[in-house]
Each structure stands twice: as structure tokens, then as C-alpha cells.
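# Build me a model from this:
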Amino acid sequence: MTIKEARKAKAKFKDLAPDICRQRMVLEGTLHNAFKPEDQIRYCKDISKVLRMTPVSDPFVNHAEEYGWCCFMHWKESGMHIYSWDNRSPKFFSIDIYTCKAFAPMEVVGFTDEFFGDNLIQCAWRE
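The predicted model follows:
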């Protein structure tokens, strides 16, 4: 598929399962200090409660030297990923939430702002 064909296909995106609830959110931010793995685990557990999601397992963290830490949380209703880049300034994170249960994005934004406090430099999000 060429880039032109891919762009055309994207423009024609069709909801193939309108009977299934699917909601996505990407939230990104810059930090003064690194988003450490133990904090990523705590974020996953706490946001699960805020969004009233049902954990299937504990959060799982992994590290890649050239990028940083990542964390995955599996929910009955789907899941979320956290990616962090510690080797840049300012530190950067990206949180990807995908669910089959509706949630309020502003709850995620508010929780994230509160979670990081003064460590948060800037935050942006989209659905």
C-alpha cells in the first residue's frame, strides 16, 4: 500500500462494530523528574480505581535502555500503557488508554495533574 493509498483508506475509516463500545485516550506530558517504574505501577493501580476498571493482573513494567520504562495494565474492560523517556530533557511520558467501557477523559486529566503535582511541566491529551 502506498502512502497515498493509506491516507485515503484512513479518511474512509468505518466503524465496523458500532454495537461495541470502544474509547481511546492518549495523554502526554513533560516532567522535571523521571516517571519511575514504581510510580508507573502506582499510577496504573490508582487510575484503575478512578475509572472504575477491573484489573485482570498487576501492572507489568519493562525497561529498554534506549528509551526508558514502560508499564502495561490489563483490565477486564481492555487496558492501558505508559511509556516514559528518561534520557531526554525535559523527561517525557505518553499514556495510552483503550477501553470497551465508557469513561470521562477529564477524570484522567484531573487525576494525572494531581498525581504529578509540581513535577508536571506540561500536559496534553486527545481522544
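
# Mind listing what's buried along the top helix by length along the chain?
Longest helix in the chain by number of residues, with DSSP state H as the criterion: helix 37-50. Neighbour counts using 16 or more other CB atoms under 10 Å place P37, D39, Q40, I41, Y43, C44, I47, S48, V50 of helix 37-50 among the buried residues. Glycine gets a C-beta too; all of them are placed from N, C-alpha and C.

# Next: stretch 56-63.
Buried residues in stretch 56-63, counting neighbours by 16+ other CB under 10 Å, are found at P59, V61.

# One more: stretch 97-117?
For stretch 97-117, a neighbour-count test (16+ other CB under 10 Å) marks I97, T99, F103, P105, V108, F111, T112, F116 as buried.

# Give me the residues contacting that stretch.
Contact partners of stretch 97-117, identified using CB atoms under 8 Å, 6 or more residues apart in numbering, comprise 20-27, 29, 31, 43, 46-47, 50-53, 75, 77-80, 95, 120, 123, 125, 127.

# Just the endpoints, please. Distance across that stretch?
Across stretch 97-117, the straight-line distance between its terminal residues is 21 Å, by CA to CA, to the nearest Å.
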